[in-house]
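Novice: structure for the following, please:
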Amino acid sequence: MVDIHCHILPGVDDGAQDVSESIRMAQQAIEQGIQKIVATPHHRNNQYENPKETIIAKIEELNAVLKAENLDVTILPGQEVRIYGEMLEGYEQGEIQTVNGTHYVLVEFPSNHVPRYTDKLFYDMQLNGILPVIVHPERNQEIIERPETLYQLVKKGAIAQVTAASVSGHFGKKIKQFSLELIEANLAHVIASDAHNTKSRGFKMQEAYETIKAKFGNDMVYLLKENAELLIEGQHVYKQVPERIKKKKLFKLF
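Specialist: Now for the predicted structure:
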């Protein structure tokens, strides 16, 4: 199993605070059946700056530690980029770390809205061969209230990644319901942990896939797992025709 979104690098953001915690996270990942983890430290989110060259160096160090600990899991380079208007320039200047060096890049929106320039930025990114992967759209207030926003972005080529803990109900029943609606409407293409530690923000991948299996069957589980594999290899992920979420009860996160 592949996890494309995880904060396992030590001491770089609000994820693992030291190498010991990274080791514990790796152990928990292995217990979940995960063999490959894309380390995705926050970048450009007003608190953390983790440019590409820093990430590469730290991943090499962590892989050496995990190998010494006989932990059979491989850490791959990635980055969770808070959307900003000059993302394309950041990529061209070597600041942006794509998922395992592919043409996919994880993009995070502010929690309460989707910036107005998103559509144009995503268009320009794709024109330059970069595919945006929208992380945890199920926890974005504007998308919750107006799923049409996500529908339009996916329709125009973006990919969406839903968090395992959302699917399994750890962010509440409403977030779980909305996550399943996104999957059903072909508005979610990959599941990832977004794990930050082993306690309050663990992996929850097995739990999420069990929930998906019960709701949609094995075929959907296979598709989502396969997409994570395809994504780290830089290949085209499976995308069904997106559908609008017809009935959506509005609610607030807070």
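
Novice: contacts, neighbours, all on C-alpha from now
Specialist: Will do.

Novice: I'd assumed Ile96 was in contact with Thr40.
Specialist: No: using C-alpha atoms under 8 Å, Thr40 is not in contact with Ile96; the gap is 11.1 Å.

Novice: show me where the protein has helices.
Specialist: 19-31, 52-68, 87-92, 118-127, 141-145, 148-155, 164-167, 173-184, 205-216, 218-232 (DSSP state H).

Novice: more neighbours, Thr40 and Ile96?
Specialist: Between Thr40 and Ile96, counted using other C-alpha atoms under 10 Å, the more crowded position is Thr40 (29 against 24).

Novice: low-confidence ranges, the protein, go.
Specialist: Counting by pLDDT under 70, the chain shows low-confidence ranges at 247-254.

Novice: if we go to 80?
Specialist: Scanning the chain for pLDDT under 80 picks out 246-254.

Novice: could I get the contacting residues of the closest residue to Gly101 other than its chain neighbours?
Specialist: The spatially closest residue to Gly101, leaving aside those adjacent along the chain, is Pro77, at 7.3 Å (C-alpha to C-alpha, 6 or more residues apart in numbering). Pro77 makes contacts with Val38, Ala39, Thr40, Ile55, Ile56, Ile59, Gln97, Thr98, Val99, Asn100, Gly101, as judged by C-alpha atoms under 8 Å, 6 or more residues apart in numbering.

Novice: and if we set it to 6 Å?
Specialist: Contact analysis of Pro77 by C-alpha atoms under 6 Å, 6 or more residues apart in numbering lists Val38, Ala39, Asn100.

Novice: which of these lies closest to Pro10?
Specialist: The nearest member of the contacts of Pro77 to Pro10, counting by C-alpha to C-alpha, is Ala39 at 10.1 Å.

Novice: does that closest one really touch Cys6, like I thought?
Specialist: Yes: counting by C-alpha atoms under 6 Å, Ala39 touches Cys6, with 5.2 Å between them.

Novice: would you list the helices of the chain in a markdown table and tack on distance to Ala195 and mean neighbour count?
Specialist: Formatted as a markdown table, the helices of the chain follow (distance: least, C-alpha to C-alpha, whole Å; neighbours: other C-alpha atoms under 10 Å):
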| stretch | distance to Ala195 | mean neighbour count |
| --- | --- | --- |
| helix 19-31 | 8 | 19 |
| helix 52-68 | 16 | 15 |
| helix 87-92 | 24 | 15 |
| helix 118-127 | 26 | 16 |
| helix 141-145 | 21 | 20 |
| helix 148-155 | 23 | 18 |
| helix 164-167 | 9 | 27 |
| helix 173-184 | 17 | 20 |
| helix 205-216 | 10 | 18 |
| helix 218-232 | 16 | 18 |
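
Novice: got those helices as CSV, with distance to Asn45 columns?
Specialist: As requested, these are arranged in CSV below (distance: least, C-alpha to C-alpha, whole Å):
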stretch, distance to Asn45
helix 19-31, 22
helix 52-68, 15
helix 87-92, 13
helix 118-127, 16
helix 141-145, 17
helix 148-155, 21
helix 164-167, 21
helix 173-184, 23
helix 205-216, 25
helix 218-232, 24
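
Novice: right, and those - which one's nearest Val190?
Specialist: Nearest of the helices of the chain (C-alpha to C-alpha): helix 218-232, 5.0 Å.

Novice: find the nearest non-adjacent residue to Ala29, please.
Specialist: Distances taken as C-alpha to C-alpha, 6+ apart place Phe203 nearest to Ala29, at 6.7 Å, with adjacent residues excluded.
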